[in-house]
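Undergrad: no sequence on this one, just coordinates:
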């Protein structure tokens with residue numbers, strides 16, 4: 001049987017084969033992990049559906065395949081495995097089409113199967129995932145005029161963005177384009193980099209590739225506007241210090257993030273458009289009833305954003321415990337797809353590293369992200385006196401299509417109001 005890449009999770013249209021855990025010719029048992037697959041949500045292990053023998057691997061490590069495409073052939077009991085070359089390579093030369101196949105990643109799984117190498121190749125048909133097609137629609141790009149750089153000529157999100165920016169030559173599939181079809185301006189081919197010294201080339205793949213695609217989409221879809229404000233954190237610093245003994249007794253690492261989240265909730269309630277998303281296809285703003293706060297987490301593999309669900313219903317201690325648990329799962333690669341989805345607003349914290357403030361990139365399709373920076377003691381004027389206070393800069397990036405600059409400023413004023421006196425958000 002041919003095993004096809006399953007639907008791993010909500011909104012996942014494709015996955016990258018990061019590591020095969022089996023080899024051709026090896027026996028495999030039902031539920032035995034066969035392959036690690038990276039999506040834009042998480043890395044997951046996919047098990048075998050049956051007992052049998054691995055006949056052939058149909059996808060290579062590093063290859064991105066759409067959901068529904070065959071990735072491995074398994075010979076079960078009584079099956080007669082088809083004789084294939086024994087070199088173990090994922091795709092033989094005869095499986096590589098010389099031009100675009102007539103089916104797209106949005107076709108039925110059967111049509112997208114690797115066995116359809118005899119399918120008729122028609123002009124104006126493109127290979128692209130549903131997510132890439134949606135991006136092309138959003139940017140009003142004609143996919144039939146985009147040259148794909150992905151496996152088998154697949155058009156990627158990056159290809160669409162490059163055409164949108166005019167940095168990629170748009171390739172026509174016909175010498176007679178249809179009337180009214182906009183053709184992207186052809187540009188010069190990129191100049192190859194000629195190294196003057198020692199250079200190591202590292203493939204852009206895995207989490208880093210997913211981050212790159214997400215950042216490009218966010219920057220070229222959302223109209224970013226960043227507003228910076230400072231807040232006196234002296235009272236929260238005192239409150240956290242006073243709670244250290246109880247935190248130790250509870251076995252919880254108490255950081256400033258739980259306090260910031262608690263102050264954030266009443267501010268978001270007052271400004272619900274910051275806790276929303278924009279449905280570009282239907283041109284509707286979706287106001288979210290839940291407050292699911294994403295925490296941008298730095299890992300060895302790149303930035304990931306686990307989500308604290310229903311943060312408004314949790315105490316300081318609950319938030320501290322969940323932040324620690326999710327951060328550990330994310331850094332050790334044990335975070336689940338469910339842990340990474342459903343966010344309505346994101347916090348990114350570079351304060352532990354340093355810097356004054358940053359301009360964070362929105363975690364699209366959300367419309368706002370809060371950058372939390374380092375707390376530093378500084379002289380400030382309070383009344384007619386100069387005193388030393390624990391000051392912190394906050395950086396708020398919003399999608400200007402949904403949130404006006406004035407509302408971003410008003411939101412930050414309310415957030416500063418709550419943070420400067422924790423009694424205000426404790427009883428909010």
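TA: Looks like it came in fine. Note that the coordinates shown come from a computational prediction; the quantities given were computed from them, not determined experimentally.
Undergrad: buried set for the helix or strand encompassing residue 327?
TA: With elements taken from DSSP states H and E, the one containing residue 327 is helix 316-331. By 16 or more other C-beta atoms under 10 Å, the buried positions in helix 316-331 come out as 316, 319-324, 326-327, 329-330. From N, CA and C alone the C-beta is placed, and that goes for glycine too.
Undergrad: same check, this time on stretch 266-284
TA: Applying a neighbour-count criterion of 16+ other C-beta under 10 Å, the buried positions in stretch 266-284 are 266-268, 271, 273-278, 280.
Undergrad: Of the residues you listed, just say which sits nearest to residue 303.
TA: For those, the minimum distance to residue 303 (C-beta to C-beta) is 19.6 Å, reached by residue 277.
Undergrad: And what about the closest one, helix, strand or coil?
TA: Here residue 277 takes the strand state, with states given by DSSP: H, G, I helix; E, B strand; the rest coil.
Undergrad: how much space between it and residue 270?
TA: Computed as C-beta to C-beta, to the nearest Å, the residue 277 to residue 270 distance reads 19 Å.
Undergrad: Point out the other elements, helices or strands, that the helix holding residue 327 touches.
TA: For helix 316-331, the elements it packs on are helix 244-250, helix 257-270, strand 293-299, strand 307-308, judged by 3 or more C-beta pairs under 8 Å, 6 or more residues apart in numbering; DSSP states H and E.
Undergrad: With distance to residue 129 and mean pLDDT as added columns, please give these in JSON lines.
TA: What follows is those, written out as JSON lines (distance: least, C-beta to C-beta, whole Å; pLDDT from 0 to 100):
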{"stretch": "helix 244-250", "distance to residue 129": "45", "mean pLDDT": "93"}
{"stretch": "helix 257-270", "distance to residue 129": "33", "mean pLDDT": "97"}
{"stretch": "strand 293-299", "distance to residue 129": "24", "mean pLDDT": "93"}
{"stretch": "strand 307-308", "distance to residue 129": "24", "mean pLDDT": "97"}
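Undergrad: For residue 29, find the nearest of these.
TA: Using C-beta to C-beta as the criterion, the shortest distance between residue 29 and the helices and strands packed on helix 316-331 is 31.4 Å, found for strand 293-299.
Undergrad: Please spell out which residues along that closest one are buried.
TA: Of the residues in strand 293-299, those buried (16+ other C-beta under 10 Å) are 293-298.
Undergrad: mind listing what the residue located most distally from the centre of the chain touches?
TA: Among the C-alpha atoms of the chain, the one most distant from their mean position (C-alpha atoms, centre = their mean) is that of residue 384, at 48.3 Å. For residue 384, no contacting residues are found, by C-beta atoms under 8 Å, 6 or more residues apart in numbering.
Undergrad: Out of the buried residues of stretch 266-284, the closest to residue 55 would be?
TA: Set against residue 55, the nearest of the buried residues of stretch 266-284 by C-beta to C-beta is residue 280 (42.8 Å).
Undergrad: In space, what's closest to that closest one - neighbours in sequence excluded?
TA: Beyond its immediate neighbours in the sequence, the residue positioned closest to residue 280 (C-beta to C-beta, 6 or more residues apart in numbering) is residue 138, lying 5.0 Å away.
Undergrad: Equivalent analysis for residue 26, please.
TA: Counting by C-beta to C-beta, 6+ apart, the nearest residue to residue 26 once its immediate chain neighbours are dropped is residue 54, at 5.1 Å.
Undergrad: For the one you found, give me its contacts.
TA: Residues in contact with residue 54 (C-beta under 8 Å, 6+ apart) are 22-28, 34, 72-75.
Undergrad: Now, the residues you listed that are in helices?
TA: Where these are compared with helices, as defined by DSSP state H, there is no overlap at all.
Undergrad: Which of those sits closest to residue 164?
TA: Taking the contacts of residue 54 together and measuring to residue 164 by C-beta to C-beta, the closest member is residue 72, at 35.6 Å.
Undergrad: Setting the sequence-adjacent residues aside, check what's closest to the closest one.
TA: residue 3 (5.0 Å).
Undergrad: what secondary structure does the one you found sit in?
TA: strand.
Undergrad: ok, residue 300 to residue 333 distance?
TA: Residue 300 sits 9 Å away from residue 333, taking C-beta to C-beta as the criterion.
Undergrad: ok, now residue 384?
TA: Counting by C-beta to C-beta, the gap between residue 384 and residue 333 amounts to 55 Å.
Undergrad: can you check residue 355 too?
TA: Spatial separation of residue 355 from residue 333 under the definition C-beta to C-beta is 27 Å.
Undergrad: More neighbours: these two, which one.
TA: residue 333 (14 against 11; other C-beta atoms under 10 Å).
Undergrad: Verify the stated contact: the more buried one with residue 302.
TA: No - the criterion here is C-beta atoms under 8 Å, and residue 333 misses it with residue 302 at 11.4 Å.
Undergrad: rewinding a little: output the buried residues of helix 316-331 as CSV; include the columns distance to residue 374 and pLDDT.
TA: Supplementary listing: the buried residues of helix 316-331 in CSV, determined by distance: C-beta to C-beta, whole Å; pLDDT from 0 to 100:
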residue, distance to residue 374, pLDDT
316, 21, 95
319, 21, 97
320, 20, 96
321, 24, 96
322, 23, 97
323, 18, 96
324, 20, 95
326, 22, 95
327, 18, 93
329, 26, 91
330, 22, 91
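Undergrad: about what we covered before: list the contacts for the residue nearest to residue 72?
TA: For residue 3, the contact set (C-beta under 8 Å, 6+ apart) comprises 34, 48-49, 70-74.
Undergrad: My reading is that the residue nearest to residue 26 lies in a strand. Confirm?
TA: Yes - using three-state DSSP, the secondary structure at residue 54 is a strand.
Undergrad: Could you tell me the per-residue confidence at it?
TA: Confidence at residue 54, expressed as pLDDT, is 93.
Undergrad: And the next helix or strand past the lowest-mean-pLDDT helix or strand in the chain?
TA: Scoring the helices and strands of the chain by mean pLDDT, DSSP states H and E places helix 109-112 at the bottom, with a mean of 37. On the C-terminal side of helix 109-112, the closest following helix or strand by DSSP H and E is helix 130-139.
Undergrad: the inter-axis angle of the helix or strand following that next one versus helix 130-139?
TA: Downstream of helix 130-139, the first helix or strand assigned by DSSP H and E is helix 157-164. In this structure, helix 157-164 runs at an angle of 20 degrees to helix 130-139, with axes from the mean of the first three to the mean of the last three C-alpha atoms, to 10 degrees as the basis.
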